[in-house]
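Asker: Structure for this input, please:
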Amino acid sequence: MKVIRPSGTHEEPRGVIGGHEVSRETTGSSNLFMGIFRLPPGARSRPHYHANCESACYMLSGRMRIRWGERLENEVELGRGDMLWVPPHETHVLENVSQSDPAEYVVARDSPTEDAVEVPWAE
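Answerer: Just a heads-up that it's a prediction; the model follows:
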């Protein structure tokens, strides 16, 4: 067992702010990732997908618009308490719909790493 306590934040390559996490890097996990993330007010992630894993998102606070599809043609808005399932290889973008409040959420994946691949052609 290992306890992971808050220890600051870091920017993820896809444009969101990461917090503490359970991952291969922090615990030696072989097939589980869980982390807390924040999207600043008005911010947007870069288009990306997670190659070899399913993801589940649980909204802690704020509101976030998720756009997905080959050309980001679909969208849904999430608020506190909402959950979202994302299949492998689903290109998506996260957008904070508030200009004043951050959106905070927990992500769990059946992979011990972030496994994110940026998709610049989706914009």
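Asker: going forward, measure contacts between C-alpha atoms and count neighbours the same way
Answerer: Will do.
Asker: immediately after the one helix or strand in the chain whose mean pLDDT sits lowest, which helix or strand?
Answerer: Taking mean pLDDT, DSSP states H and E as the measure, the chain has strand 10-11 as its least confident helix or strand, at a mean of 78. Following strand 10-11 in sequence order, the next helix or strand is strand 17-22 (DSSP states H and E).
Asker: Parallel or antiparallel, list what pairs with that following strand.
Answerer: Strand 17-22 has the following strand partners under DSSP bridges: strand 10-11 (antiparallel), strand 33-39 (antiparallel).
Asker: mind checking which of the ones you listed is nearest Val76?
Answerer: Of all the strands paired with strand 17-22, strand 33-39 sits nearest to Val76, with 16.2 Å by Cα to Cα.
Asker: Do a quick rundown of the strands in this protein.
Answerer: For the chain, applying DSSP state E gives strands covering 10-11, 17-22, 33-39, 48-50, 55-61, 64-68, 74-78, 83-86, 92-96, 103-109, 116-118.
Asker: between those, which one is nearest to Ile4?
Answerer: strand 17-22 (6.9 Å).
Asker: gap between the closest one and the chain center?
Answerer: 10 Å (Cα atoms, centre = their mean, to the nearest Å).
Asker: tell me the mean pLDDT over it?
Answerer: What strand 17-22 shows for mean pLDDT is 86.
Asker: just stretch 35-54 next, same as before
Answerer: Over the span of stretch 35-54, the pLDDT mean works out to 93.
Asker: in the sheet, who's paired with Cys57?
Answerer: Beta-bridge partners of Cys57, as defined by DSSP bridges: Leu84, Val107.
Asker: In contact with it, which residues?
Answerer: By Cα atoms under 8 Å, 6 or more residues apart in numbering, the residues touching Cys57 are Met83, Leu84, Trp85, Tyr105, Val106, Val107, Ala108.
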